[in-house]
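**Student:** the sequence and its predicted three-dimensional model are supplied below.
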Amino acid sequence: MRESCWPALLFSDLPLLSEAKTRSISAENPKGEKGGGGKEASNLGVGRKGRPCITLPQAKTTSLAEIEGTGVIQHIWITLPDHTEEGPYVLRDLVLRMYWDGEPAPSVEVPLGDFFCNGHAMRCKVNSLPIAVNPTGGMNCYFPMPFRSSARITIENQHPKDVPGFFYQITYSLLPQLPEGTAYFHAQWRRENPTMIGRDYTIVDEIKGKGHYVGTYLAIGTLSRYWWGEGEIKFYIDGDEEYPTICGTGTEDYAGGAWCFGETYSTPFLGYPLCHRSEDGVPLHALYRWHIMDPVRFEKSLKVTIQQIGHDGRSLFERSDDVSSVAYWYQTEPHNVFPELLPAQARWPR
């Protein structure tokens, strides 16, 4: 039975009353104040959609949420234009960061689109349990994000121009306390372009502390012919060195598919939502795997890698591709500081 202070997060919890207090932050109520929403005026009058969105100034960091107290973020919804006249890469040019309990370094640092499984600065529909992206570009996250004293969410605009029409809603619960053993949400983005032949791509490493790994998003630009997805994922748990505790059997296998996919799909925990081919670029692919029913637990450390191995119809071969990723996990704090995020142009897709 969940504690009475914890909000309902599952269908089975819905009949159970809670001491949680629901609040929500948006452009219409930027501080999430009780009775503080919808006070701005439009041409229709006060309280008639007076301030539904904001503009993100170029080269500035905008605070989306500053919450004091104990609580848990339960839903984030964001939509915005995916391009301006200055370029098509808005979803990679904006950087989402989250900070818990006054920490100086973020626990989440990911280009906005990639956080919502829309890598390559390209929209696609996603129909999974923790992440859903609906037409046209409505991005939703349901990962619970607890905090004990404060939460801060920011968005940095590294696009060459102001980005108008940024809509957002962050819904959370204020709580008397968190259940004992509650860990903090983390997400980290990486890219290697191109990967090195024969060297596994690192999704995340240097995770120190106790926690569990809950998901992977991969955005891959394939740079050579033939099938690209024979690489095995590896989880090095609690000091594993040469060999991992968990080793997969293939990239499409890890995403719950088989035999080179053949078509796109998006399910609650597993997906291959993007296969994009064009005359002026390399083939682009994206896949996700949520470890919600099967979290990868660690007591002191974790490293996650994936191989770049292809198959030419006769045999396996080592290959080099453009790979970027998001790792999602929960752990105790403090966490190790993330590697420095690549500059905006180094994040742009091929």
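**Tutor:** Yes, it's here.
**Student:** check which helix or strand the residue nearest to Asn336 when sequence neighbours are not counted maps to.
**Tutor:** With CB to CB, 6 or more residues apart in numbering as the criterion, Asn336 has its nearest non-adjacent residue at 4.9 Å, and that residue is Glu206. Using the backbone N, CA and C atoms, a C-beta is placed for each residue, glycine as well. Using DSSP states H and E, Glu206 sits in strand 201-208.
**Student:** next, the angle strand 201-208 makes with the helix or strand just after that strand.
**Tutor:** Later in the chain than strand 201-208, the nearest helix or strand by DSSP H and E is strand 211-221. In terms of direction (axes from the mean of the first three to the mean of the last three CA atoms, to 10 degrees), strand 211-221 departs from strand 201-208 by 160 degrees.
**Student:** hey, what's Ile100 bridged with?
**Tutor:** If you look again at residue 100, you'll see it is Trp, not Ile. On the basis of DSSP bridges, Trp100 is bridged to Ala151.
**Student:** the residue nearest to Asn336: what's it in contact with?
**Tutor:** Ser301, Lys303, Asn336 (CB atoms under 8 Å, 6 or more residues apart in numbering).
**Student:** drop anything exposed from these.
**Tutor:** Taking 16 or more other CB atoms under 10 Å as the criterion, what is buried in the contacts of Glu206 is Ser301, Lys303.
**Student:** show me which of the contacts of Glu206 is closest to Ile67.
**Tutor:** Asn336 (24.4 Å; CB to CB).
**Student:** all strands of the stretch 101-250 of the chain, in order?
**Tutor:** 108-111, 126-127, 131-134, 138-141, 145-147, 150-157, 163-174, 184-192, 201-208, 211-221, 233-237, 246-247 (DSSP state E, counting those that start in this stretch).
**Student:** domain-wise, how is the protein divided?
**Tutor:** Taking automatic domain parsing as the reference, the chain has its domains at 19-30+53-174, 184-337.
**Student:** with distance to Ala344 added, can I get those in a markdown table?
**Tutor:** Output for those, formatted as a markdown table (distance: least, CB to CB, whole Å):
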| stretch | distance to Ala344 |
| --- | --- |
| domain 19-30+53-174 | 4 |
| domain 184-337 | 12 |
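**Student:** need these in CSV (columns: mean pLDDT).
**Tutor:** Output for those, formatted as CSV (pLDDT from 0 to 100):
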stretch, mean pLDDT
domain 19-30+53-174, 98
domain 184-337, 97
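**Student:** nearest to Lys39, of these?
**Tutor:** domain 19-30+53-174 (7.8 Å).
**Student:** and the end-to-end length of that closest one?
**Tutor:** For domain 19-30+53-174, the first-to-last residue distance is 9 Å (CA to CA, to the nearest Å).
**Student:** stretch 156-163 too?
**Tutor:** End-to-end distance for stretch 156-163: 11 Å, by CA to CA.
**Student:** and if you look at stretch 222-235?
**Tutor:** 24 Å.
**Student:** what's the neighbour count on the closest residue in space to Leu341 that isn't next to it in sequence?
**Tutor:** Once flanking residues are discounted, Leu341 sits nearest to Glu109: 5.9 Å by CB to CB, 6+ apart. Glu109 has 23 neighbouring residues, counting by other CB atoms under 10 Å.
**Student:** for Ala20, same thing?
**Tutor:** For Ala20, using other CB under 10 Å, the count is 19.
**Student:** please apply the same query to the one 4 residues further on.
**Tutor:** The local packing count at Ser24 equals 16, with neighbours defined by other CB under 10 Å.
**Student:** just say helix, strand or coil for it.
**Tutor:** Secondary structure, DSSP: H, G, I helix; E, B strand; the rest coil: Ser24 is strand.
**Student:** and it, how far is that from Arg319?
**Tutor:** With distances taken as CB to CB, to the nearest Å, Ser24 is found 46 Å from Arg319.
**Student:** next one: Pro146
**Tutor:** Taking CB to CB, one finds Pro146 at 40 Å from Arg319.
**Student:** could you do Ile246 as well?
**Tutor:** Ile246 is 23 Å from Arg319, where distance means CB to CB.
**Student:** what of Pro104?
**Tutor:** 39 Å.
**Student:** and the spatially most central residue of the chain, what is it in contact with?
**Tutor:** Among the residues of the chain, the one closest to the centroid is Phe115, at 2.6 Å (CA atoms, centre = their mean). The contact partners of Phe115, by CB under 8 Å, 6+ apart, come to Leu96, Val108, Cys141, Ala187, Trp189, Val326.
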